[in-house]
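[1] quick one: sequence and predicted model below, then my questions.
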Amino acid sequence: MTKHDIAWDLSVIFPSATDPSIDKAIDFIQKAADDLVANYQGKISKFSSKKLLKLLQDYEVYLVESSNLGLFARLTFAGNMTVPESQKLNDRVSKLLANLSKKLAFLRLEIGQLVYEKPELINDKILANYKHYLERLKREVPHQLSEVEEQLIIEKDQFGIRGWQQLQSKWLNTRIFDVVVEGEKMALSYGDANALLPHPDRATRKSANQAIYELLKKDGELFTSALRNINNDWINITKRRKYESEMQASLIANDIDQKTIDSLLKTIDESSHIYRRYLQLKAKLLGLSKLANYDIVAPLPNAPDITYNFEKAKEIAIAAYSKFDEEYAFATKDMFEKKRIDASARFGKRSGAFCSSWYKGQSAFMLQSYNDSLSGIYTLAHELGHATHDYYFTREQTILNTRIPMIVAETASIFGELLVTDLLLSQAQNDNEKLAVISRVLDGAGMAAFQVTARAWFEQDMYDAVKNGEFLDYETISNFWTKNRDRIYGDVIDWLDVMDSEWTMKGHYYIPNFRFYNYPYVYGQLFVYALYQKYLEEGKEFIPKFKKVLAAGSSMSPKEIGEVFGLDVTDPEFWKLGIKRFEYFVNEFEKLVK
């Protein structure tokens, strides 16, 4: 790592967590919310397009300022969660915004009902900026309940589903796992044990897997109770909201249709043999007849011991983005120059990596704990892609057009990874360096596209079982998990017996009122791979199209985004374009192995 602290400068948002300007911002936000209630609650049903425009503009003033305060509180806390002032501010602001969000819940309900009953408003020229925002609201209306019922669901979940979610999270973060690390027995937290899953030493990887999933399996009945109740609850909510399927709420949130997702998952199913071919090639390179589950994301045995300090990673990222297009690299350069990146590891810092849009500043802030590895470079490139996306849409869109669906939120980030991949391959000094880069790409894409597809099938199987009157006990849930896992992996992997408990630690299954937090990753991966294939075919002609869709924010549907490139995401053949890019990497890997 670097000797100096690489920290973001949040003072451009507010001077400090205790500055008087925080109280002034809170007063402004509270008054703005009160004014929205006083001026609009119960009055929207009779609105003309001009009155609706005024309402939306007033609402956006509130959203800009509330998001600015919320961002500062979250980031201040994430940078160091042990600072009392940051803890206090984050708690204060999160409670404030939650209460105000509940207070303003009528806006979505009443605006949605208005455009549902008067759909001609959506195409009114006065409201052109908000056309797709209103289209999305209209789609939600048939599934909305009364304001009181909506509030009751929030209150029900607060001590219901959220309780199960907290239990699952706290279990993971309060257990100690006994792992043998390179011959030495160690007692580790879940985070430390989980970090050993890609360890170079095979025995260490096996021990970490065994320790984690053995303990999870031991408490399998606890997780079974949680998931059984969550799934039954969601089926009741699905009926109450008159959804056609358990997935429909997710489809509406992602601005997509069932047919497109069915085609996507079918393509993955039919192409899983390509992923299996890669895994068999990797086994050969590792000197194994077959991979065990703890070898799937293992590093290659002859991978070069190359380290990349932060300055080198910065050079690589800027070079990769600039090679694509000099103007496109502006955001990347600006993020470094303006100190928008918090990259140093420190006690109390939030784990993981993320990028948060700063709408008011037409910028973004990134967090990661950078390590000097190839993985660190890819994380940096990924988050810089998110930042680039933020730079484009915050300059072109009003804030209601920045609510980007999950399925397209990863567009610039995965694209950034591919830009870095091409640069690293062009600079590689030997075949082992190339193998390390391609393996990193295929390991990540294989998990995001193929393994995550199995998670979507698994989730649907549980709902179908409940509807068929089956009782979801541990064995039943685990059988669904292994059945769908094996649908992807076939017989090319040897699994530890305890891996039937793997589903217990997937936090996405425990999120209240948000189901199928899986296929959006598959969509994002294959969509960007298809776009990259298009870029390689079109060259410079592709670039303005790509900038256009990033600048569009959420003002375009995913289908319309595809159409900018002359692609039809509803066509089953489209997804094969993404598979073609994945297969290209497998073929290149195979050439190097042979």
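    The structure has been received and is ready for your questions.

[2] how is this structure partitioned into domains?
    10-144, 308-403 (automatic domain parsing).

[3] Serialize those to JSON lines and add fields for mean neighbour count and distance to residue 173.
    C-beta: built from backbone N, CA, C; applies to glycine. JSON lines is the format used below for the domains of the chain (neighbours: other CB atoms under 10 Å; distance: least, CB to CB, whole Å):
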{"stretch": "domain 10-144", "mean neighbour count": "16", "distance to residue 173": "13"}
{"stretch": "domain 308-403", "mean neighbour count": "19", "distance to residue 173": "10"}
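
[4] save the ones you listed as CSV, and put in mean pLDDT and distance to residue 212 too.
    As requested, the domains of the chain are arranged in CSV below (pLDDT from 0 to 100; distance: least, CB to CB, whole Å):
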stretch, mean pLDDT, distance to residue 212
domain 10-144, 96, 24
domain 308-403, 95, 16
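
[5] tell me which of those domains lies nearest to residue 198.
    Closest to residue 198 of the domains of the chain is domain 308-403 (CB to CB; 8.2 Å).

[6] chain center to the closest one: distance?
    The chain centroid and the centroid of domain 308-403 are separated by 15 Å, computed with CA atoms, centre = their mean, to the nearest Å.

[7] quick one on the thing from earlier: can you redo the domains of the chain as TSV with distance to residue 428?
    Formatted as TSV, the domains of the chain follow (distance: least, CB to CB, whole Å):
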stretch	distance to residue 428
domain 10-144	35
domain 308-403	11
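
[8] so which of those domains comes closest to residue 182?
    Minimum separation from residue 182 across the domains of the chain (CB to CB) falls at domain 308-403, 17.9 Å.

[9] still on that earlier bit, which one of the domains of the chain lies closest to residue 281?
    domain 308-403 (19.1 Å).

[10] between the two ends of the closest one, what distance do you get?
    Using CA to CA, to the nearest Å, the span of domain 308-403 from its first residue to its last is 35 Å.

[11] ok, residue 74 - contacts?
    90, 94, 356 (CB atoms under 8 Å, 6 or more residues apart in numbering).

[12] cool, residue 558 as well?
    Residue 558 makes contact with 254-256, 405, 407-408, 523, 527, 569 under the criterion CB under 8 Å, 6+ apart.

[13] what does residue 585 give?
    Contacts of residue 585 (CB under 8 Å, 6+ apart): 438, 441-442, 445.

[14] mind doing that once more with 7 Å?
    Shown in contact with residue 585 (CB atoms under 7 Å, 6 or more residues apart in numbering): 438, 441-442.

[15] try residue 332
    Contacts of residue 332 (CB under 7 Å, 6+ apart): 317-318, 321, 384, 388.

[16] before we move on, what about residue 40?
    So residue 40 contacts residue 55 (CB under 7 Å, 6+ apart).

[17] returning to what we had before: what is the nearest of the contacts of residue 558 to residue 470?
    Of those, the one sitting nearest to residue 470 (CB to CB) turns out to be residue 254, at 28.3 Å.

[18] for the closest one, give its distance to residue 34.
    Residue 254 sits 33 Å away from residue 34, going by CB to CB, to the nearest Å.

[19] just to revisit the earlier point, so for residue 194, which of the domains of the chain sits nearest?
    domain 308-403 (10.2 Å).

[20] I'd guess residue 330 is in a helix, am I close?
    Yes. Under DSSP: H, G, I helix; E, B strand; the rest coil, residue 330 sits within a helix.

[21] contacts only, for the closest residue to it other than its chain neighbours.
    Leaving aside its sequence neighbours, residue 330 sits nearest to residue 391 (CB to CB, 6 or more residues apart in numbering; 7.1 Å). For residue 391, the contact set (CB under 7 Å, 6+ apart) comprises 331, 362-364.
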